[in-house]
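# please find the sequence and the predicted model below.
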Amino acid sequence: MSVGEVDASASVEIISPDGVYVPVEIGEISLNAREVTDIDLSGVDFGSKTFALKINATNEIVASVLSEVKSGSISDFTWSAPSRSFNTVNFNIYGLEPVMSFVGERIILSISWRDRQGRGNSELIRGDEIVNWRVPPNARLMTINSTNPVVAAMSWKSGDGVARLGIAPSTNLESATKPVADIAVIQPRG
């Protein structure tokens with residue numbers, strides 16, 4: 001949705017370990033001002049690996065992605081919202097073992113963590129465009145330092161369902177903006 005008074009156009013890049021590409025279906029998207037636009041991505045092949053979407057727009061927009069997951073006995077969904085870039089972030093993962101996905105032009109990360117016995121561990125991670133890293137078992141306090149700004153999220157699947165959380169320093173937490181009334185948010189257009 002274009003949040004301003006004028007229409008916008010957007011394009012979407014898919015960033016995956018297999019490469020960066022722009023599918024024809026989402027190469028040029030027209031967005032009407034203050035009107036929710038649903039874009040069906042079910043026909044787009046994202047591959048089998050964790051990926052990121054990079055959205056470029058001519059004006060300020062609001063965007064999110066609804067993902068449905070069906071695997072074995074799991075049938076769940078998750079919403080993904082934009083993540084802000086960071087250089088350093090600290091948090092307590094408290095034993096969860098998600099896959100963390102880092103996106104940036106050149107990724108150089110130093111990740112350090114303490115396990116439940118208080119022992120310190122660290123790992124240096126390098127890559128281009130996107131890097132996926134699974135959190136080791138029993139990790140607790142984590143610090144992620146990046147040489148260049150990166151955006152990141154963590155996702156995981158369990159017997160209870162799926163989850164996705166953006167990673168951002170607490171100083172970058174979002175605040176509410178003036179809402180725009182559009183019933184399409186809860187009742188899709190026809």
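Looks like it arrived, so ask away.
# who does the residue most central in space within the chain bridge with?
Geometric centre of the chain, nearest residue: Ala153, 4.9 Å, by C-alpha atoms, centre = their mean. Following DSSP bridges, Ala153 is listed with bridge partners Ser101, Gly166.
# state the distance from it to Ser64.
Taking C-beta to C-beta, to the nearest Å as the measure, Ala153 falls 12 Å from Ser64. Any C-beta I mention is one placed from the backbone N, CA and C, and that applies to glycine too.
# same deal with Glu35?
15 Å.
# residues near Ala57, how many?
Ala57 has 16 neighbours, counted by other C-beta atoms under 10 Å.
# run through the residues that contact the residue nearest to Gln117 when sequence neighbours are not counted.
Nearest non-adjacent residue to Gln117, counting by C-beta to C-beta, 6 or more residues apart in numbering: Asn138, 8.0 Å away. Asn138 makes contacts with Gly95, Asp115, Arg116, Gln117, as judged by C-beta atoms under 8 Å, 6 or more residues apart in numbering.
# over to the closest residue to Asn90 other than its chain neighbours: give its phi and psi.
Leaving aside its sequence neighbours, Asn90 sits nearest to Thr143 (C-beta to C-beta, 6+ apart; 4.9 Å). For Thr143, the backbone dihedrals (degrees, to the nearest 10) come out as phi -130, psi 130.
# same check, this time on Gly120
As for Gly120, its main-chain torsions (degrees, to the nearest 10) stand at phi -90, psi 140.
# report the beta-bridge partners for it.
Here Gly120 sits in beta bridges with Arg114, as judged by DSSP bridges.
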